[in-house]
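What shape does this take:
(one chain, ligands or ions: 1)
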Amino acid sequence: MGNNLLDVEFLCVGLDGKPIIRDVSFLLKPGEICALIGHNGAGKSITMKSIMGLYKKTTGRICLNGFDQDKEIMKFKQQLTYIPEEPMVFPELTIRQHFLLYSTSYGVAENDYQNKVDYYARIFDLKDKLDEFPHNLSKGMRQKVNVISNLLVDTPLLLVDEPFIGLDIHATQALQDELFQRKKRGLSILLTSHLLDRIRELCDRYVLLVNGAVKETGAIGQLKSIERRMTHE
Ligand SMILES: Nc1ncnc2c1ncn2[C@@H]1O[C@H](COP(=O)(O)OP(=O)(O)OP(=O)(O)O)[C@@H](O)[C@H]1O
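Numbers count the residues shown, from 1 in each chain. The predicted structure follows:
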């Protein structure tokens, strides 16, 4: 795998008997932020979910930090966390219990845990909600619970599907700052977004998907040509 963190090779995924993801290959280096971009239905979320193991590959290979998804699934899974597009919360757990669940699952150190919860609850303005249950929160607040749960753990790869949808301006900026901080710590991020201005600010590289296949990859400096392509595809 050389010095790549993530190596997706010839990924194919079919759903309902139809090919959805077709021979998708791309690489991600440590400390890189890469955007998966493309039109609605291009296959961004399904690609992300198959890296996460939520959709089964038809063929292909996914290696993360040296672990093959097909051979060492437990070690593979410990290398990544995932912020889905729609908030995924447990109705019977308080917000604080969500944070504890994620932190214990990924082995966050005891003395880091409380400091991190205090810090993220403050910057995402959830301090007063820690002992509430999800049904008492707005959708944006539930999204913040997902965001914080994943930021608490420093996995080598963070997958983020449309992270800024539903977050207010303050939370959007806070998340962007935190993603930058992760990058500085050498951690990698794969994100999807339609917000090209955010992508321009955040990302090092892009992978453009069209109809489930990689149309092109490149440095984010080529965004002008991406914008032209995306409006003409
Ligand atoms: N559960 C499913 N069963 C069958 N087909 C699906 C399923 N989920 C998604 N698809 C199809 O897979 C294709 C890719 O969907 P995907 O959600 O990956 O798109 P996307 O690029 O993330 O789009 P968007 O920008 O709208 O979020 C679409 O044609 C969609 O209709």
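
from here on, contacts and neighbour counts on C-alpha atoms
Fine.

Name the residues of the protein found near the ligand, please.
Within reach of the ligand by C-alpha under 6 Å from any ligand atom, the chain has these residues: Leu15, Asp16, Ile20, His39, Asn40, Gly41, Ala42, Gly43, Lys44, Ser45, Ile46.

Mind picking the two most distant members of the residues you listed?
Spatial extent of these (C-alpha to C-alpha) is set by the pair Asp16 and His39 at 20.9 Å.

between those two, who's got more neighbours?
A direct count of neighbours by other C-alpha atoms under 10 Å for Asp16 and His39 places His39 higher, at 15 against 6.

quick one: secondary structure of the more buried one?
coil (DSSP: H, G, I helix; E, B strand; the rest coil).

any idea how far it is from Lys215?
12 Å (C-alpha to C-alpha, to the nearest Å).

what about Tyr55, which helix or strand?
Using DSSP states H and E, Tyr55 is not contained in any helix or strand.

Remind me which helix or strand the closest residue to it other than its chain neighbours belongs to.
Counting by C-alpha to C-alpha, 6 or more residues apart in numbering, the nearest residue to Tyr55 once its immediate chain neighbours are dropped is Lys49, at 5.9 Å. In the assignment (DSSP H and E), Lys49 maps to helix 44-52.

helices or strands up against that helix?
Packed against helix 44-52, as judged by 3 or more C-alpha pairs under 8 Å, 6 or more residues apart in numbering; DSSP states H and E, are the following elements: strand 157-161.

Show me what the longest helix seen in the chain is packed up against.
Of all the elements of type helix in the chain, the one with the most residues (DSSP state H) is helix 169-184. Using 3+ C-alpha pairs under 8 Å, 6+ apart, the elements in contact with helix 169-184 are strand 188-192.

what does stretch 191-209 rub up against?
Stretch 191-209 is contacted from outside by 26, 32-39, 42-45, 159-164, 176, 180, 214-221, 223, 226, using C-alpha atoms under 8 Å, 6 or more residues apart in numbering.

Mark which of these are buried, thanks.
Applying 16 or more other C-alpha atoms under 10 Å to those, the neighbour count classes 26, 32-38, 42-45, 159-164, 176, 180, 214, 217, 220, 223, 226 as buried.
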